[in-house]
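> Fold the following for me, if possible:
(2 chains)
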Protein chains: 2
Amino acid sequence: MSKKDKLSTEAYKGVRDFYPEDQAFFNYLCHACQSVAERFGYAEYHASILEPAELYKAKGAESEEIVNEQTYTFVDRGGREVTLRPEMTPTVARMVAAKRRELGFPLRLFSIPNVFRYERPQRGRLREHWQLNVDIFGSRSLSADAEVIAVAHALMLQLGAKESDFTIKLGSRAFIDELAKKYSLAPDVAKLFTQLLDRRAKMPAEEFEEKLSELGIPNEALSPADLPSDVGEIISLLKESGVTNAEFDPSIVRGFNYYTGVVFEIFDTHPENNRALFGGGRYDNLTELFDDEPLPGVGFGMGDVTIQNFLELRGLKPAYVSAATLYLATASPEALPHTTAMAEELRKNNINVAVDFGEKKLGEQIKTAAKQHIPYLMVVGADEIASGNFVARNLDTGEETKLTQNEIVSFFNNN
Amino acid sequence: MSKKDKLSTEAYKGVRDFYPEDQAFFNYLCHACQSVAERFGYAEYHASILEPAELYKAKGAESEEIVNEQTYTFVDRGGREVTLRPEMTPTVARMVAAKRRELGFPLRLFSIPNVFRYERPQRGRLREHWQLNVDIFGSRSLSADAEVIAVAHALMLQLGAKESDFTIKLGSRAFIDELAKKYSLAPDVAKLFTQLLDRRAKMPAEEFEEKLSELGIPNEALSPADLPSDVGEIISLLKESGVTNAEFDPSIVRGFNYYTGVVFEIFDTHPENNRALFGGGRYDNLTELFDDEPLPGVGFGMGDVTIQNFLELRGLKPAYVSAATLYLATASPEALPHTTAMAEELRKNNINVAVDFGEKKLGEQIKTAAKQHIPYLMVVGADEIASGNFVARNLDTGEETKLTQNEIVSFFNNN
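Next up is the predicted model:
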């Protein structure tokens, strides 16, 4: 094959390759999500990325546009229209509706699916990302809202954040509806009001107040003397369980057609990155596409890219260390049987060992271990085999530790 | 929405929903794969399911047909032809070629991707499954072949299989080439010979021998006095590392265009299921689509469905237990603050607890815990709160254990 026929090694536009370093971080993130969700009694589920396109079309004209212009949708060879899921909620709704009798409520579920959006190339945004989804179904109790927010809070702490690093802002649909009623807003004006609230953080305070007053709403209306009752109750439940960084913010509205109760967003408090990291809220009837039995739910979704940016900015992203603890270099072909036997013995003692078969010079073997971020290297050659004395070299610090054959296992079990 | 407008709750044809029970098994399988692969020094990687279609077209006419008829391939809105990966090998080749200078060789990689095949509906086969991929790149040593087979063997043991439950059968391309030469087979006859070997297990021994003799090859040619040297060396290396169920089988050929050295398959020894579970082998130049630097590799792929069938047949599939250890039922609305406080305290002690907010009768709450396979239930009500005496009920056995408030943590930490 001539050079010009060679293929590009680039990934498809807008998606990522996960090399070992990337995957290690991704696994770290998943384990944090899993351990926190399971601590609160949530069970993991999953599904295929392929869904019937009708699942996303049924919501009406607005989402029809999303399906047509922002999803990967194609017709399969059997004439079925298929969509790569753009979000997990319709899927979990389908799954819950299918086994309603067997599942038991309240039902706590979580998943870490990849989701796809066809973004216009010029925006430089990702077309695939992973998203933790945490939901509790079948409860109307505000304790369920508080619990889901407590899960989000616990996850932030699990990832190393302090309470001062983020704020939990709660908005309330009931509160917005009451204001619309109080100021007699026509439906289209009420919609403008909601949209204005949604953009509040993106404009100067003066501009916001001016536009608000144009709609006939005084600025003071957004700072009520008493919190809306649902928000107040949730904040109080959160305080009881040690979550003290939650506050009312009437401008949190989050796609109001979808949510029906309290909504929330986790904000980074960093002065240079004061933005929403993720959020969620309560919805009324998750399964109405599938049946007529009501099913309330409350949940949130957290994207892996946003949270990775947060952890990087805060210095909370863990450094990469290879899963292998030790690289065994082979000084000469004759030493190889000893290297492999030694590796096997160490593996029996739960030490993760990679072997170099000695096809290159020792210097190259050491470079391989360093490139792969394996923390320790040990050379196996005629001298080491004859004397039974080995040297464990820490490839980060250069520190060398002399070990007899008998000391090797305990050294690596303690390092 | 009227009843007739309701959507079906079925998944897209040929893919699976993973409810908590299914996902728990999938996680069990993944953890087994990860822990074994990492024990041998393999690092995990991952990539998007979306790949440029050209990645699968470059191999020539035969795979062109596969791309056109057996993959999910569509044109995106930017005019790019995209394929949902049917296998992981082209992806890992692309990734390795892209970062050749940084990765270091030998390079050990593993991944557990989902892969897609457009199967004709009538066959009833799955269109998406997950597949462990284990590969070592950049070594020509037969020790690399032996190691990869040892990883497959260790994985089988990790999943609970005994050596007598499976056989590792090794074939050799060099051996087949030599036979073709020895019996002066024309290229087209040599191809028929390979195809016949591949179908050997699917026909009576007599039919096989007859067809073999039609090609001009005596049956004895397949039972050489001496093993082919590569196969012999690998079997001997495997024996040294305690793998004693490997044997030569000349009929193991596995898509010969792809593999260039020794190939292997793991066979179930169960009399009613005597078939290949998974396999792999050595290939010559993985990255030739991308550059001219040679890169040898050896690896295997194992599908989740096949191995699940094996584990079920052998009684090795673990029973499902919820990740939550304890379900706290709430006897009355007044008890709820106590329930949530108690749950929180237990969670601090690393116990996974789900709370019922007490919206239903106690009997219904107990049913919920049972449906969700949560092993223990404890009721929190006025009596329990007043006395400080609780009862932990094992929902499997019905066994009840009386516990004072102070005994709860240690009871669940030991159960």
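
> where does the closest residue to A:Met156 other than its chain neighbours sit relative to A:Phe40, distance-wise?
Leaving aside its sequence neighbours, A:Met156 sits nearest to A:Phe166 (CB to CB, 6 or more residues apart in numbering or on different chains; 5.7 Å). (Glycine included, C-beta is placed from N, CA and C.) Remark: distance between A:Phe166 and A:Phe40 (CB to CB, to the nearest Å) = 19 Å.

> ditto for A:Ser164
23 Å.

> who's more crowded, those two?
More crowded of A:Ser164 and A:Phe40, by other CB atoms under 10 Å in any protein chain shown: A:Phe40, with 24 against 8.

> How is the closest residue to the more buried one other than its chain neighbours assigned, secondary-structure-wise?
Spatial nearest neighbour of A:Phe40, excluding adjacent residues (CB to CB, 6+ apart): A:Val151 at 5.2 Å. Three-state assignment for A:Val151 (DSSP: H, G, I helix; E, B strand; the rest coil): helix.

> contacting residues for A:Val151?
A:36-37, A:40, A:42, A:134, A:300 (CB atoms under 8 Å, 6 or more residues apart in numbering or on different chains).

> Please report the number of neighbouring residues for the residue of the stretch 1-150 of chain A found nearest chain B.
Among the residues of the stretch 1-150 of chain A, A:Gly41 lies closest to chain B, at 2.5 Å counting by CB to the nearest CB. If you count neighbours by other CB under 10 Å, A:Gly41 ends up with 28.

> Look at it and give its secondary structure.
Per three-state DSSP, A:Gly41 ends up coil.

> I'd like the distance between it and B:Met342.
13 Å.

> Bridged to the residue nearest to A:Met156, which residues?
On the basis of DSSP bridges, A:Phe166 is bridged to A:Asp268.

> who touches it in this structure?
A:156, A:245, A:266-269, A:277.

> which one among those gets closest to B:Ile385?
Proximity to B:Ile385 was ranked across these by CB to CB; first place goes to A:Asn245, at 29.5 Å.

> measure that closest one to A:Val231 for me?
15 Å.

> Contact residues of the stretch 301-415 of chain A facing chain B?
Residues of the stretch 301-415 of chain A lying close to chain B (CB under 8 Å from any CB of the partner chain) are A:322-324, A:327, A:336-337, A:340-341, A:344, A:347, A:350, A:352-357, A:359, A:367-372, A:374.

> Just those: which are in strands?
When DSSP state E defines the strands, the subset of those inside them is A:327, A:353-355.

> From these, pick the one nearest chain B.
Set against chain B, the nearest of these by CB to the nearest CB is A:Ala354 (2.5 Å).

> Please tell me which one of the contacts of A:Val151 counts the most neighbours.
A:Tyr42 (28 neighbours).

> still on that earlier bit, need the max-distance pair from the contacts of A:Phe166.
Across the contacts of A:Phe166, no pair lies farther apart than A:Asn245 and A:Leu277, at 13.0 Å, counting by CB to CB.

> Do a quick rundown of the helices in the stretch 1-150 of chain A.
For the stretch 1-150 of chain A, applying DSSP state H, counting those that start in this stretch gives helices covering A:20-39, A:54-57, A:61-70, A:89-98, A:100-103, A:142-158.

> buried residues in the last one?
Going by neighbour count (16 or more other CB atoms under 10 Å in any protein chain shown), the buried part of helix A:142-158 is A:142-157.

> Ok, the second one next?
Within helix A:54-57, the residues scored as buried using 16+ other CB under 10 Å are A:55-57.

> Between A:Asn245 and A:Val231, which has more neighbouring residues?
Shown here are A:Asn245 and A:Val231; by other CB under 10 Å, A:Val231 has more neighbours (26 against 18).

> who's in contact with that one?
A:170-172, A:175, A:248, A:262 are the contacts of A:Val231 under CB under 8 Å, 6+ apart.

> Give me the domain ranges for chain A.
Domain assignment for chain A, taken from automatic domain parsing, gives A:20-49+A:85-313, A:326-413.

> Thanks again, I'm all set now.
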